[in-house]
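K.L.:
Provided below are the primary sequence and the corresponding predicted coordinates.
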Amino acid sequence: GENVEQHPSTLSVQEGDSAVIKCTYSDSASNYFPWYKQELGKRPQLIIDIRSNVGEKKDQRIAVTLNKTAKHFSLHITETQPEDSAVYFCAASKHNQGGKLIFGQGTELSVKP
Amino acid sequence: ETGVTQSPTHLIKTRGQQVTLRCSSQSGHNTVSWYQQALGQGPQFIFQYYREEENGRGNFPPRFSGLQFPNYSSELNVNALELDDSALYLCASISGANVLTFGAGSRLTVL
């Protein structure tokens, strides 16, 4: 069935460094790829998303890249800050199943001051 | 606030009992999805409702059921609770662009 693999499961960086989280998906029909940030005890919050008609999208310190051929996409956070510490989830869905997101297992990012 | 509200925020049940969780979706959004998030895991899709009809279901048994009302609010019902049903249950409201906005969730503990 549909599957999304996410790596690494934990990531520790120094404040100011960059962080990269990678995901691969199995279903070539997937065309929407959001990233969610979830702080402890809070709801997942959408931080950036990308659709299959573009290869890269950037929003201030956050960027996402998509390689449809290889079926993988990545989250890049530059100039990390302690408030970036959280669990990050990638996800994928298909055009006709917009409410059905397949999530990765999550990456716990720790930014040390 | 995202506009998606869920109740109750926390509840404790015992095995075999039944539970109903509620969600009020964002104004104008006629599609809602429910997810189960076990501790340390990513959310897992349970089902989706569009205009009061279920139109997509994940790998969950029939004892997980739902309803959507004319005002697009929704309920998740779980019968015959099992210990493994302990989780955070998230409701998501879906925009026309298929962007999901999650509520804060209902944390269910089954003893």
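P.N.:
All right, it came through fine.
K.L.:
For the rest of this, base every contact and every neighbour count on C-alpha atoms.
P.N.:
OK.
K.L.:
so who does residue 74 touch?
P.N.:
Here I'm looking at chain A. With contact set as CA atoms under 8 Å, 6 or more residues apart in numbering or on different chains, A:S74 has these partners: A:20-23, A:64-66.
K.L.:
I was after chain B.
P.N.:
By CA under 8 Å, 6+ apart, the residues touching B:S74 are B:22-25, B:32, B:66-68.
K.L.:
Recalculate using a threshold of 10 Å.
P.N.:
Neighbouring residues of B:S74 by CA atoms under 10 Å, 6 or more residues apart in numbering or on different chains: B:6, B:21-25, B:31-34, B:49, B:52, B:66-68, B:91.
K.L.:
contacting residues around the residue nearest to A:N67 when sequence neighbours are not counted?
P.N.:
Spatially, and ignoring its direct neighbours in sequence, A:N67 is nearest to A:F73 (6.0 Å; CA to CA, 6 or more residues apart in numbering or on different chains). Contacts of A:F73 were listed using CA under 10 Å, 6+ apart, and they are A:6, A:21-25, A:33-34, A:50, A:55-56, A:64-67, A:90-92.
K.L.:
I'd assumed B:R22 was in contact with B:Y72.
P.N.:
No - using CA atoms under 10 Å, B:Y72 makes no contact with B:R22, being 11.3 Å away.
K.L.:
ok now the helix or strand hosting A:E108, how far from the chain's centre?
P.N.:
Following DSSP states H and E, the helix or strand that holds A:E108 is strand A:107-112. A distance of 13 Å separates the centroid of the chain from that of strand A:107-112, by CA atoms, centre = their mean, to the nearest Å.
K.L.:
Extract the C-alpha trace of that strand and format it as CSV.
P.N.:
Output of strand A:107-112 as CSV, limited to C-alpha atoms (Å, rounded to 0.1, in the frame of the first residue of the first chain):
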residue,chain,number,x,y,z
THR,A,107,11.7,13.6,12.9
GLU,A,108,12.4,15.1,16.3
LEU,A,109,14.5,18.2,15.8
SER,A,110,16.5,19.6,18.6
VAL,A,111,18.2,23.0,18.2
LYS,A,112,20.8,23.6,20.9
